[in-house]
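> no sequence on this one, just coordinates:
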């Protein structure tokens, strides 16, 4: 059992008799073989060299060389990426304190190629909960209650699944063992939350995790092992975030799925303004618990003209 795992599990909400068991499980899950490491690096390099991404190589090289000459240990200004594309700086510290401070500045860590970097995209894709859209097919799935959704029940399996290859998709990931351990520490601190989607056989078939600060939730990654299960779980999560008084859900980049669900693009400046307002509010809770059935969530915003959502907590 590693020292990092022992320290991160010392938070009050983890029962003493469970800490060693959880730490040992993380040691087993949060690793990759030499072959997996080589494949991840090779795929990351190949992806970065694609014509649509090649324009980012020069800014990345400039940032990397600048950091080699004069390393910056503090957090960068998010607007530094105006000259560096989406890159704001090189990550030197992934401690919980630094990660939380970075998110409060609108930064987040990521890499597919080269060193781990602080990212600050020119645009962010966010959800205002009164704009959330549930498709007819997804409403039907929710009413059937084919799946059960839980919060914070199996973070370790969720982050491992998010990092694992998906059927029919390129096995490209930034979620390395180092990232897994860092976000596990934030999970223990109550700043990271997972949602899990279980089928009737009790198998984990979808889910995701993200960071909660103040009244903003920042999605890190989602996965599906059965059709639409990540959408199913994300819909359940959004209903609860709205009920609990969250102001914003941030998916970072736009995807066809999130745009269909009502997320929309806003500029970096607008995002930082909304982030500041969301951080000014007290975080509603440290641990998430499901408070509504899928059938109840299926009726959310059913009257598209009124955009009536769940009653928010006072």
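Great, that's in hand. Keep in mind that this is a model prediction, so the values were computed, not measured.

> wait, is residue 277 part of a strand?
No - counting by DSSP: H, G, I helix; E, B strand; the rest coil, residue 277 falls outside a strand, being helix.

> Can you report how many residues lie near it?
Neighbour count of residue 277, defined by other Cβ atoms under 10 Å: 13. To be clear about C-beta, it is placed using only N, CA and C from the backbone, and glycine gets the same treatment.

> ok, now which ones touch it?
residue 247 (Cβ atoms under 8 Å, 6 or more residues apart in numbering).

> Mind pulling the model confidence for it?
The score at residue 277 is 95. That number is its pLDDT.

> show me the contacts for the residue nearest to the spatial centre of the chain.
Central residue of the chain (Cα atoms, centre = their mean): residue 220, 1.4 Å from the mean position. Residues in contact with residue 220 (Cβ under 8 Å, 6+ apart) are 162, 183, 192, 208, 209, 210, 211.

> can you do 6 Å?
Going by Cβ atoms under 6 Å, 6 or more residues apart in numbering, residue 220 touches 209, 210.

> In a strand, it, correct?
Yes - under three-state DSSP, residue 220 falls within a strand.

> Quick check: the gap between it and residue 155.
11 Å (Cβ to Cβ, to the nearest Å).

> swap in residue 59?
34 Å.

> of these two, who's got more company?
residue 155 (24 against 15).

> check contacts around that one.
Contacts of residue 155 (Cβ under 6 Å, 6+ apart): 187, 194.

> residue ranges of the strands in this protein, please?
Using DSSP state E, the strands of the chain run over 87-90, 108-110, 117-119, 123-127, 148-151, 192-198, 204-213, 216-224, 248-250, 264-267.

> so which of the ones you listed comes closest to residue 166?
With Cβ to Cβ as the measure, strand 216-224 is the member of those nearest residue 166 (6.7 Å).

> Compute the inter-axis angle for that closest one and strand 192-198.
30 degrees (axes from the mean of the first three to the mean of the last three Cα atoms, to 10 degrees).

> Name every strand pairing with strand 216-224 and say which way it goes.
When pairing is defined by DSSP bridges, strand 216-224 lines up against strand 204-213 (antiparallel), strand 248-250 (parallel).

> in the longest one, what's buried?
Translated: strand 204-213. 204, 205, 206, 207, 208, 209, 210, 211, 212 (16 or more other Cβ atoms under 10 Å).

> Could you do stretch 44-53 as well?
Here stretch 44-53 shows 44, 48 as buried, counting by 16+ other Cβ under 10 Å.

> For that stretch, which outside residues touch it?
Residues contacting stretch 44-53 (Cβ under 6 Å, 6+ apart): 112, 113, 172.
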